[in-house]
Structures are given as C-alpha cells and as structure tokens.
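Trainee: return a 3D structure for these sequence lines:
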Amino acid sequence: MARSALLSRNWELTWRDYFALTKPKVVALILLTAVVGMFLTPSLPQPLQVVAATLGIGLMAGGAAAINHVLDRRIDIKMARTYHRPVAQGRVQTAPALAFAFALSAGGLAILLLSVNALTAWLTLASLLGYAVVYTVWLKRATPQNIVIGGLAGAMPPLLGWTAVSGEFHGHALLLVMIIFAWTPPHFWALAIHRRDDYAKADIPMLPVTHGIEFTKTCVLLYTLVLVLVCLLPWVVGMSGPLYLLGSLVLNLRFVQWAWRLKFRPGPQTALQCFRFSISHLMWLFVLILADHWMDYG
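Mentor: Just a heads-up that it's a prediction; the model follows:
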C-alpha cells in the first residue's frame, strides 16, 4: 500500500512538472487572444474549426515554452522568480524535456496542417521559432531591446486565430498584433524593474540593468501612452464601436495611471502591481473588442 501511494505521489509530481513546462498561464492568455481573432473574422467560425485551431496553437505554444525552460535553465536557477522551474531544479532532465517540447510542437503543427490550414501552421511555427530560438537564444542575451524586437513573436496569436478561420491576412488582424506589440514592453519592463537584481545576477541585459531603473520607468510611461493611441485604431478604422472605445479608454488610462505612479510615486510593490494589472488589461481589452463586435448598434 505504501509503495502504491509513493508511486501515485511520484506520478502526480511528474505530471505537474511537465504541465509547468508549458507555462499554462501564459498559454491561456495566448489562446484567449487567438480565439478572439477567430471570432472577429467576417464569417462565423465552425466549432470544430475553433477546437482544432485552439488545440494546435496551444500545443505549439506549450512546446515553445518547454524549449524555453531547457534553454534558460542556467539562467533560471540564478533568479528568485524562476529557480523553482522543473528543468532548472533537475526534476525534469533536458533530454525528456526537449522530447516533450518537440512532441507537443509536432502534434500542434500536424493538427494545424491537417485540420486548419497551411498558412496558420507555418505562421505558428515561425512564432515558435521566434520566441524559443531568436528571442531566448539570441535577443534575450544580446540587447536591452530584446523584449521590443522579440515581442513580435508573442503578438502573433490574434493573427493566427484570424488566419485559422479566414485563411488569409487582413488589416484588422494586424491591428490586434500591433496592440499586443505595443503592450509587451511596458508589461515586461514593469516586471524587469521589480526583478532588476535577479536579471543583473543572471547577466541578462534587461533595460533596468543596462540603463537604470529611472530610465526604464520613463520608457514604461511612454509606451503606455503609445498603447493608448494604438488601441484607438480599431475604432478609427471602423473595426469596433463605442463599447470598445469607452472600455479601452478606461483600461488604458488606468494603465497610464499605474505607469505614472511607477515613475513619480512608486512604492515597494508598484512595479509588480503595474505588471499584474497589465495582464488583466490585455485580457479585458480583448474581451471588450469581441463583445463590441457582436453588439447590434442598430
């Protein structure tokens, strides 16, 4: 009985570690923006189409996250935020972690190729490579603008959702990409300010390490102002109506308020609070644009 309980506990711990490799909270936000992209297309997506696209994109996003765990394991062990990760701690070895990552990625790519369309499959693969290889291996270690340049890979999910249903590019989908692209720097730099010493210890040239915390706070504030303008574009081009306009203004002005507080009236936890708000900001922004799309304004 004791041996059976021990095996059950070991299985549970192993399952949890492999699940953690996929960065489920990050993947959930990716899938939310991708699904919103699907339902913003002119034609209503079919249920099986949504399921296949969501599964394929989700598997490939999880695979990219697992590759990131492997490539960043020596950095992760030095940082308080990431030292507990399964590969960094040795609870999952690099070879099985990579096999798991490639299995997820290959499965996701196969689903997208066979059940969705080739355009979405190859765009998702490009996003995976952009994040797991270009950003993680090169940009993250090479330049303080890493999150700006590499942010394009993380901004792709709404476009992936759109192409999964429509099979083609559209300017409206690119506007959604622009929103996430503008949102990423203030979102991540707020966390980088909070974890500045961690990044310095790991010798990662994040902006607060190379240019100082005050300069980074200024950049966060300026990028949130840019984000306000970018988020107006869906309304300007007629993609969305007054519900989105008013809701996005409220959300963006609140983000600016957090950025202003971070710059001029910071407390010990302000950077972390700003980071946490930014996650809710993006989630509700995409919920708003979807709700607005399905409203009948008569």
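
Trainee: where does the prediction get shaky in this protein?
Mentor: 1-13, 296-298 (pLDDT under 70).

Trainee: so Ser105 makes contact with Ala61?
Mentor: No. Using C-beta atoms under 8 Å, Ser105 makes no contact with Ala61, being 9.2 Å away. Yep, even glycine has a C-beta here, placed from its N, CA and C like the rest.

Trainee: so what's in contact with these two at the same time?
Mentor: In terms of C-beta atoms under 8 Å, 6 or more residues apart in numbering, Ser105 and Ala61 are both contacted by the residues Leu128.

Trainee: more neighbours: these two, which one.
Mentor: Ala61 (30 against 23; other C-beta atoms under 10 Å).

Trainee: so how far is Arg265 from the more buried one?
Mentor: 37 Å (C-beta to C-beta, to the nearest Å).

Trainee: try Leu128
Mentor: Applying C-beta to C-beta to Leu128 and Arg265 gives a distance of 40 Å.

Trainee: of these two, which one has the most company?
Mentor: Between Leu128 and Arg265, counted using other C-beta under 10 Å, the more crowded position is Leu128 (24 against 8).

Trainee: in the helix or strand containing that one, what's buried?
Mentor: Element membership of Leu128 [criterion: DSSP states H and E] is helix 118-129. Buried positions in helix 118-129, judged by neighbour count with 16 or more other C-beta atoms under 10 Å: 119-121, 123-125, 127-128.

Trainee: which of those sit farthest apart?
Mentor: Using C-beta to C-beta, the two most remote members of the buried residues of helix 118-129 are Leu119 and Leu128, lying 15.1 Å apart.

Trainee: how far away from the center of its chain is the helix holding Leu128?
Mentor: The gap between where helix 118-129 is centred and where its chain is centred comes out at 16 Å by C-alpha atoms, centre = their mean, to the nearest Å.

Trainee: repeat that for stretch 133-151.
Mentor: Taking the mean of its C-alpha atoms, stretch 133-151 sits 14 Å from the chain's own mean (C-alpha atoms, centre = their mean).

Trainee: of the buried residues of helix 118-129, closest to Lys23?
Mentor: Nearest to Lys23 among these, with distances taken as C-beta to C-beta, is Leu128, at 13.0 Å.

Trainee: who are the neighbours in contact with the closest one?
Mentor: Listed by C-beta under 8 Å, 6+ apart, the contact set of Leu128 reads 60-61, 63-64, 67, 105, 153.

Trainee: so which of those residues belong to helices?
Mentor: 60-61, 63-64, 67, 105, 153 (DSSP state H).

Trainee: contacts for stretch 249-261, please.
Mentor: 186, 190, 217, 220-221, 223-225, 227-228, 231, 270, 273-274, 277-278, 281, 284-285, 288.

Trainee: among these, which ones are buried?
Mentor: 186, 190, 217, 220-221, 223-225, 227-228, 231, 270, 273-274, 277-278, 281, 285, 288.

Trainee: so Ala80 touches Arg196, yeah?
Mentor: No. Ala80 sits out of contact with Arg196 when judged by C-beta under 8 Å, with a separation of 11.7 Å.

Trainee: comparing those two, which residue is more hemmed in?
Mentor: Arg196 (18 against 10).

Trainee: hmm, that one is touching Leu207, no?
Mentor: No. Using C-beta under 8 Å, Arg196 is not in contact with Leu207; the gap is 9.3 Å.

Trainee: burial check on Gly58, number of neighbours?
Mentor: Gly58: 20 surrounding residues under other C-beta under 10 Å.

Trainee: which residue sits closest to it, ignoring its sequence neighbours?
Mentor: Leaving aside its sequence neighbours, Gly58 sits nearest to Leu31 (C-beta to C-beta, 6 or more residues apart in numbering; 5.4 Å).
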